[in-house]
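1. Build me a structure from this.
(chains A and B)
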2 protein chains.
Amino acid sequence: MNGMEDQLVDWFKSQARLDPTRFPIGIGDDMAQINLPSGGSVLVTTDMLLSGVHFDLSRHSLDQVGYKAMACSLSDCAAMASRPVAAVVAVGLPAGSDPDQLKLLHRGILKAAQTYDFPLVGGDMTVWRQEDLLAICVAMISIPGPYGVIRRSGAVVGDMICVTGRLGGSIHGRHMEFVPRVNEAIKLAGMVRIHAMMDLSDGLASDLPRLCKESKVGAVVNATALPISDQARLSADPIASALCDGEDFELLFTISQTDAAALARSWDDPLPITCIGQITAGSDIKIILPSGTIRDLDLRGYDHFERK
Amino acid sequence: MNGMEDQLVDWFKSQARLDPTRFPIGIGDDMAQINLPSGGSVLVTTDMLLSGVHFDLSRHSLDQVGYKAMACSLSDCAAMASRPVAAVVAVGLPAGSDPDQLKLLHRGILKAAQTYDFPLVGGDMTVWRQEDLLAICVAMISIPGPYGVIRRSGAVVGDMICVTGRLGGSIHGRHMEFVPRVNEAIKLAGMVRIHAMMDLSDGLASDLPRLCKESKVGAVVNATALPISDQARLSADPIASALCDGEDFELLFTISQTDAAALARSWDDPLPITCIGQITAGSDIKIILPSGTIRDLDLRGYDHFERK
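-> Down below sits the predicted model:
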């Protein structure tokens, strides 16, 4: 949370001074929202993936890379309970790329798009002067889902903190082929009143503080409640893995205790939902360890500026 | 025109099969247009710039890089006579970047945005594992201008072919600080009926065939009429330079002969407009050389796949 990246986001936010009548949601949420003069609104997000950082050209196929790039942006659409309508993709290809490689990348892009029934409407391609480099950048346009747009900033003291799926160990493969929770987010928004939501891209220990900061609340997480993935269970410290590995691309959301009880009774989807803690007053983010000890949740998730 | 890039764009286009009621303009124009369920429409474009290809980290400052990235996308907005409303920017920064460098890049981005009175609403940042790499990708959202959206496909046999500004030699500096013709495009669209328009990013010899192909027409260009830039005049072959250097980011458009005469009388802007040729039947793209010889305009502009 104290990472360079968060400080920079704060700085960008301070520079933007967006007119809230035109831009109800700006820098600092999963997508920005633009109100149009013609009525209605669109949301937009962008994600850039780099070889050697988000994927490994020697291990991952180009269709995996194309799929992951789209899925990352789709996960942002999910975070707002919005509905993707179109994407554009820009690629900086390795020197010496041939059209077949680009078509393979395109296949991965389309696989993600077709799953959610929206098209690739444009793009840009250029070629690096080096053979080992690939950059791919997706910009995704969505519209509010049937239950409106959900922000990070609406968490209320006493809310239950929930996550979809299982956390940690994504690097062992899931990070290239995860399913963005677009449909599940809209389904959830239709069943309960979600107060705040985001997607887990950098790990719960980095992302929960962001949600809490936007909502001006604190949180307490119960370590024994964390839904730890099978891969994370094999690590030296499964709890740290679930908190910090990043690239889970699951939903993190808060709902009232009544809604949490209702959801526990009525959620019929194969995707598990787990209550992992509660929103508190103040700004402290705490974790109750299996020993019963309470400590600050200050383990850092993946911070692009600190890994360099 | 026979470049790999154009063939790939054709292939992507064939794969997209966009519903024209939802996506009136798709792959192959300067921007894609998305009709929204709530009414109205937005346009979107994306451009990725790479170190060592579109700029040189040893010669260009980061605010120049930020400015250029935005200006390239703004030039696409101009090509459609559309009005920019918001941008998102993703960056892959050199390893070891510090916040001050990112702020410098941000300054260049904002300079371009503030000139056209729209905000940066979001972004993404990540860091390469190498120190000499920078990728920056802009996605720009615009809305139709007051005179509607202008496509590449409306050129009519007999139209005059016009360009703004002067061509060639952009690499000597103009390519980092050009002024995208956003305001001029809308002004032009209010004065005459523009049949087809695009921006000159790869050079007239590459871009005019693209406009002609979309319009299913041919063209003849008069070499002596070309508005050759002062920088291009210093090159060994000024005409080739004006045709092929690329990164002019001027407007290329076609209008009726009557409108061309009207424009010649009434255009009062400091930016010059020059009629450089005429739209013809068929599909041949010809050039009349200063000697009077007619030949195919087959000099290639900057083709990212052929320069590798």
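
2. Flag every residue of the stretch 51-200 of chain A that's near chain B.
-> A:52-54, A:85-86, A:88-92, A:95-97, A:99, A:102-103, A:106, A:110, A:119-130, A:133, A:135, A:137, A:139, A:141, A:143 (Cβ under 8 Å from any Cβ of the partner chain). Backbone N, C-alpha and C define where each C-beta goes, glycine included.

3. What about those residues, which are in helices?
-> A:99, A:102-103, A:106, A:110 (DSSP state H).

4. neighbours around the nearest residue to A:Ala260 once chain neighbours are set aside, how many?
-> Distance criterion Cβ to Cβ, 6 or more residues apart in numbering or on different chains; nearest residue to A:Ala260, sequence neighbours excluded, is A:Met160 at 4.0 Å. When neighbours are defined as other Cβ atoms under 10 Å in any protein chain shown, A:Met160 has 21 of them.

5. Specify the beta-bridge partners of A:Met160.
-> A:Ile255, A:Gln278 (DSSP bridges).

6. quick one: it and A:Thr258 touch, right?
-> No: A:Met160 is not in contact with A:Thr258 according to Cβ atoms under 8 Å; the separation is 9.6 Å.

7. next one: phi and psi at the residue of chain A most remote from its centre?
-> Going by Cα atoms, centre = their mean, the residue of chain A most distant from its centre is A:Gly96, 33.0 Å out. Torsion angles at A:Gly96 (phi, psi; degrees, to the nearest 10) stand at phi 80, psi 0.

8. And the pLDDT for the residue in the stretch 51-200 of chain A that chain B sits nearest to?
-> Residue of the stretch 51-200 of chain A nearest chain B, by Cβ to the nearest Cβ: A:Ala139 (3.2 Å). Turning to A:Ala139, the model gives it a pLDDT of 98.

9. Please report how far it lies from A:Gln114.
-> 18 Å (Cβ to Cβ, to the nearest Å).

10. what does A:Gly123 give?
-> Plainly put, A:Gly123 is 16 Å away from A:Gln114 if you go by Cβ to Cβ.

11. These two: who's more crowded?
-> A:Gly123 (25 against 11).

12. Looking at strand pairing, list the partners for that one.
-> A:Val89.

13. okay, now the residue lying closest to A:Ala232 once chain neighbours are set aside: neighbour count?
-> Residue nearest to A:Ala232 in three dimensions, not counting chain neighbours: A:Gly168, with 2.8 Å by Cβ to Cβ, 6+ apart. Applying other Cβ under 10 Å, we find 31 residues neighbouring A:Gly168.

14. can you pull the contacts of A:Gly168?
-> By Cβ atoms under 8 Å, 6 or more residues apart in numbering or on different chains, the contact list for A:Gly168 reads A:228-229, A:231-232, A:235, A:238, A:241-245, A:248.

15. List only those of the residues of the stretch 51-200 of chain A next to chain B flagged as buried.
-> Buried subset of those (neighbour count, 16 or more other Cβ atoms under 10 Å in any protein chain shown): A:53-54, A:85-86, A:88-92, A:97, A:102-103, A:106, A:110, A:119-128, A:130, A:133, A:135, A:137, A:139, A:141, A:143.

16. So the residue lying closest to A:Leu102 once chain neighbours are set aside, which state does it fall into?
-> The shortest distance from A:Leu102 to any non-neighbouring residue, by Cβ to Cβ, 6+ apart, is to B:Leu8 (6.2 Å). When classified by DSSP: H, G, I helix; E, B strand; the rest coil, B:Leu8 comes out as helix.

17. I'd guessed B:Leu8 sits against A:Asp100; true?
-> No: with contact defined as Cβ under 8 Å, B:Leu8 does not reach A:Asp100; the gap is 10.7 Å.

18. of these two, who's got more company?
-> Set B:Leu8 next to A:Asp100 and count neighbours by other Cβ under 10 Å: B:Leu8 wins out with 17 against 9.

19. Skipping its backbone neighbours, what lies nearest A:Ala262 in space?
-> A:Val192 (6.3 Å).

20. residues touching the residue nearest to A:Val179 when sequence neighbours are not counted, list them.
-> What sits nearest to A:Val179 in space, not counting adjacent residues and going by Cβ to Cβ, 6+ apart, is A:Ala71, at 7.5 Å. If you count contacts by Cβ under 8 Å, 6+ apart, A:Ala71 has them with A:112, A:178-180, A:249.

21. Restricted to helices, list those residues.
-> A:Ala112.

22. I'd like to know which of the contacts of A:Ala71 is nearest to A:Ala155.
-> For the contacts of A:Ala71, the minimum distance to A:Ala155 (Cβ to Cβ) is 20.2 Å, reached by A:Phe249.

23. where are the low-confidence patches of chain A?
-> The model of chain A has pLDDT under 70 over residues A:1-3, A:299-308.

24. in which helix or strand would I find A:Gly108?
-> A:Gly108 belongs to helix A:99-115 when assigned by DSSP states H and E.
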